[in-house]
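>>> I'd like to go over a predicted model; first the sequence, then the structure.
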Amino acid sequence: MPKWPHTINLLWKMYYGSESYQVIQVMPPDIVADDFVLLSLPPGGNPIPYVYWNIGVTEPEMWEKANKEGKLRDLPPTHSALYAPAIEPILQTGIEGLALSALTFLEII
């Protein structure tokens, strides 16, 4: 794992502790929803390191129910009129993750 994803991964594991397994999932480069990954793979050039994270926005109870019933694909996707992210704990988790990552990158913590 390159330096920054590894550093962020360790930082989040320290911060989220025993709950880190619910927060951290290392993923391969993917362009299913966003083309951001293409910026890191210039044609004929060396890959550019980056850290990109997705934040789950479905209420945990709703996710568990859909998962148990094998209906995860039925949850409303980002661009659906039915898309309604759970504000908490998602907003708090996103703010914490971004702040910790930025402060670490800037060598403030």
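That came through fine.
>>> tell me which element Met14 is part of?
Element membership of Met14 [criterion: DSSP states H and E] is helix 3-16.
>>> state the helix or strand in which Glu96 lies.
Here Glu96 sits within helix 90-105, counting by DSSP H and E.
>>> quick check: pLDDT value at Pro49.
Looking at Pro49, its pLDDT reads 72.
>>> residues contacting it?
Counting by CB atoms under 8 Å, 6 or more residues apart in numbering, Pro49 touches 2-5, 40. The way it works is simple: take the backbone N, C-alpha and C, and place the C-beta from them, glycine included.
>>> among those residues, which one has the most neighbours?
In terms of neighbours by other CB atoms under 10 Å, the contacts of Pro49 top out with Pro5 at 16 neighbours.
>>> surely it and Ser40 touch.
No: if you go by CB atoms under 8 Å, Pro5 and Ser40 don't touch, sitting 11.3 Å apart.
>>> name the helix or strand of the chain that has the lowest mean pLDDT.
Ranked by mean pLDDT, DSSP states H and E, the helix or strand of the chain with the weakest confidence is helix 20-23, at a mean of 63.
>>> out of the contacts of Pro49, who's nearest Ile87?
The closest of the contacts of Pro49 to Ile87 turns out to be Pro5 (CB to CB; 27.3 Å).
>>> residue contacts, the nearest residue in space to that closest one that is not next to it in sequence?
With sequence-adjacent residues excluded and distances taken as CB to CB, 6 or more residues apart in numbering, Pro5 is closest to Val51, at 5.2 Å. By CB under 8 Å, 6+ apart, Val51 lies in contact with 4-5, 8, 101.
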